[in-house]
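Peer 1: pasting the structure only:
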């Protein structure tokens with residue numbers, strides 16, 4: 001019997017890919033793993049991150065017995081995807097900012113990229129823009145504080161609208177900007193609040209459905225769900241349990257990283 005699909009993120013952001021995954025694979029077995037002990041990833045040194053991501057994913061793959069790893073984290077994907085694919089024997093599905101679909105949707109040819117500081121400035125992002133949005137103007141905005149707001153919301157606290165307005169304000173200064181890439185898997189969790197902060201109607205684009213579609217493509221056989229979907233964390237606690245429960249996962253179990 002094939003193992004489950006393992007979804008990995010630094011925190012709860014990867015939960016944003018769960019609904020489209022279940023829509024495309026309604027009977028799939030899922031395990032959610034997060035490295036919440038080391039949040040936030042977006043502000044940590046690259047070399048440290050690569051080693052940490054490899055170690056955490058190694059441990060999670062071993063514990064879960066998964067058939068595919070979904071790296072539902074833009075920071076981890078833009079930095080460690082090649083290393084993970086070289087290390088692991090199972091397929092690895094990554095996450096990249098939805099630059100290509102945003103460029104196709106924009107009528108004004110001016111799009112925004114809302115992401116962590118690491119993703120905004122990484123050469124990988126430069127290459128995506130050159131390849132898929134060369135004819136567009138791209139305004140990049142680092143929004144690391146939105147990660148914390150998404151984590152707060154899923155833990156049961158109200159996100160701070162003032163923080164969301166302040167972080168997104170640089171985007172709205174450009175009257176012709178009509179499309180924004182939500183370049184962190186945490187940000188779709190705040191979609192309605194980001195849209196409310198905009199002074200006009202804006203198209204918000206993320207990668208969640210593309211991730212689910214790619215996962216379907218790499219699966220030889222979809223693993224059936226015979227029990228409640230599980231979750232793992234490097235620092236399980238009550239707040240994290242409240243976050244994963246509405247998505248159908250068990251209370252997080254401790255993931256020990258060697």
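Peer 2: Sure thing, it's come through. Remember, it's a predicted structure, so these values are computed and weren't measured experimentally.
Peer 1: give me phi/psi at residue 214?
Peer 2: Backbone torsions for residue 214, taken as degrees, to the nearest 10, come to phi -70, psi -40.
Peer 1: and it, how many neighbours does it have?
Peer 2: Residues contacting residue 214 under the criterion other C-beta atoms under 10 Å number 17. Quick note: C-beta positions are derived from backbone N, CA and C, even for glycine.
Peer 1: doesn't residue 93 make contact with it?
Peer 2: Yes: using C-beta atoms under 8 Å, residue 214 is in contact with residue 93, at 5.1 Å.
Peer 1: can you give me how far stretch 211-227 is from the chain middle?
Peer 2: Per C-alpha atoms, centre = their mean, to the nearest Å, the displacement of stretch 211-227 from the mean C-alpha position of its chain is 18 Å.
Peer 1: tell me the buried residues in it?
Peer 2: 211, 212, 214, 215, 219, 222, 223, 225 (16 or more other C-beta atoms under 10 Å).
Peer 1: again, but for stretch 182-192
Peer 2: Buried, per 16+ other C-beta under 10 Å, within stretch 182-192: 182, 183, 184, 185, 186, 187, 188, 189, 190.
Peer 1: which of the residues you listed lies closest to residue 49?
Peer 2: Closest to residue 49 out of the buried residues of stretch 182-192 is residue 184 (14.6 Å), distances taken as C-beta to C-beta.
Peer 1: check contacts around the closest one.
Peer 2: 13, 42, 74, 75, 114, 115, 116, 119, 143, 146, 147 (C-beta atoms under 8 Å, 6 or more residues apart in numbering).
Peer 1: who wins for most neighbours among those?
Peer 2: Most surrounded of those: other C-beta under 10 Å gives residue 74, at 32 neighbours.
Peer 1: that one touches residue 97, doesn't it?
Peer 2: Yes: the criterion here is C-beta under 8 Å, and residue 74 meets it with residue 97 at 6.1 Å.
Peer 1: counting contacts, what elements does the helix or strand of the chain with the lowest mean pLDDT pack onto?
Peer 2: Lowest by mean pLDDT, DSSP states H and E among the helices and strands of the chain is helix 117-121, with a mean of 87. Packing partners of helix 117-121 (3 or more C-beta pairs under 8 Å, 6 or more residues apart in numbering; DSSP states H and E): helix 74-87, strand 137-142.
Peer 1: tell me the pLDDT of the residue nearest the centre of the chain.
Peer 2: Note on the chain: the residue nearest the mean C-alpha position is residue 185, at 2.6 Å, using C-alpha atoms, centre = their mean. Per-residue confidence at residue 185 stands at 93 (pLDDT).
Peer 1: for the residue nearest to it when sequence neighbours are not counted, give its distance to residue 208.
Peer 2: Excluding its sequence neighbours, the residue lying closest to residue 185 (C-beta to C-beta, 6 or more residues apart in numbering) is residue 13, at 3.7 Å. Distance, residue 13 to residue 208, using C-beta to C-beta, to the nearest Å: 10 Å.
Peer 1: okay, and the common contacts of those two?
Peer 2: Common neighbours of residue 13 and residue 208 (C-beta under 8 Å, 6+ apart) are residue 185.
Peer 1: residue 7: what secondary structure?
Peer 2: With DSSP: H, G, I helix; E, B strand; the rest coil as the basis, residue 7 sits in strand.
Peer 1: quick check: residue 12 touching residue 34?
Peer 2: Yes: here residue 12 lies in contact with residue 34, judged by C-beta under 8 Å, at a distance of 6.7 Å.
Peer 1: which residues in the stretch 51-200 of the chain form helices?
Peer 2: Assigned by DSSP state H, counting those that start in this stretch, the stretch 51-200 of the chain shows helices spanning 74-87, 99-105, 117-121, 123-132, 145-154, 161-172, 191-197.
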